[in-house]
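Asks: missing the sequence, but the structure's below:
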């Protein structure tokens, strides 16, 4: 009778151990599966966040910059540089840029304007939203000082050539691109005025 009891007890212990092991194994597999799912979702989210603005026209904001020679139409990267674009549009909508000048023109490099003082020393600071969008002819970037993490909140520049601007990539905030009117950008001279920037284009 004793022997039978021991045999039953041993069998019961083995059976319960098997169940416990199976439950632990199943839980681990489920956790790994969920982790893989979460990683996949996070990766998809990251990919969505860094999709180049040129392929996401529905997410872009278009503004028109009027010069004496014609209108320059700029597409803003509202997805890649949301705070920069919001700050820029706030100034656009308040009329802050109207009447300001282009104080810097470097042949085959950049034209720069938007300084409220008109001499390259004005404007406040904004946190840099550095991204990997390549700088090229037509790219619109924020000016900054020696601190990469801080950009000027008013001064912006437009690139005139691919080669001379490529080194700016991942060093300055790229927040837009000229989609029409580069021929007017090419005509800008020091002292030329920004007649108006608005979200209405002709």
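Replies: Cool, the structure landed. Because the structure is a prediction, the values reported are computed rather than measured.
Asks: over to residue 84. Which of the three states is it?
Replies: Put simply, residue 84 is helix when judged by DSSP: H, G, I helix; E, B strand; the rest coil.
Asks: count of neighbours near the closest residue to it other than its chain neighbours?
Replies: Of all residues not flanking residue 84 in the chain, residue 175 sits nearest, at 4.5 Å (Cβ to Cβ, 6 or more residues apart in numbering). Using the backbone N, CA and C atoms, a C-beta is placed for each residue, glycine as well. Using other Cβ atoms under 10 Å, the number of residues around residue 175 comes to 27.
Asks: burial measure for residue 149, as a count.
Replies: Residue 149 has 9 neighbours, counted by other Cβ under 10 Å.
Asks: same check on residue 91?
Replies: 19.
Asks: just want the phi and psi numbers for it.
Replies: Dihedral angles of residue 91 (phi, psi; degrees, to the nearest 10) stand at phi -70, psi -40.
Asks: the nearest residue to it once chain neighbours are set aside: which element?
Replies: Nearest residue to residue 91, sequence neighbours excluded (Cβ to Cβ, 6+ apart): residue 97, at 5.9 Å. Residue 97 belongs to no helix or strand when elements are defined using DSSP states H and E.
Asks: spit out the contact partners of residue 97.
Replies: Applying Cβ atoms under 8 Å, 6 or more residues apart in numbering, we find residue 97 in contact with 91, 114, 194, 196-197.
Asks: now with 6 Å, please.
Replies: With Cβ atoms under 6 Å, 6 or more residues apart in numbering as the criterion, the residues that contact residue 97 are 91, 114, 194, 197.
Asks: wait, which of those residues is closest to residue 69?
Replies: residue 194 (12.2 Å; Cβ to Cβ).
Asks: pull the number of nearby residues for the closest one.
Replies: Residue 194: 19 neighbours (other Cβ under 10 Å).
Asks: surely it is in contact with residue 100?
Replies: Yes. Residue 194 is in contact with residue 100 according to Cβ atoms under 6 Å; the separation is 5.1 Å.
Asks: going along the chain from the lowest-mean-pLDDT helix or strand in the chain, find the next helix or strand for me.
Replies: Using mean pLDDT, DSSP states H and E, the weakest-scoring helix or strand in the chain turns out to be helix 2-49, at a mean of 36. Downstream of helix 2-49, the next assigned helix or strand under DSSP H and E is strand 61-66.
Asks: show me what counts as buried in that following strand.
Replies: Residues of strand 61-66 classed as buried by neighbour count (16 or more other Cβ atoms under 10 Å): 61, 63-66.
Asks: contacts for it next, please.
Replies: Residues contacting strand 61-66 (Cβ under 6 Å, 6+ apart): 71-76, 78, 92, 195-199, 201.
Asks: partner strands of the next helix or strand after it, with direction?
Replies: Next in sequence after strand 61-66, counting helices and strands by DSSP H and E, comes strand 71-76. Partner strands for strand 71-76, per DSSP bridges, with pairing direction: strand 61-66 (antiparallel), strand 174-180 (antiparallel).
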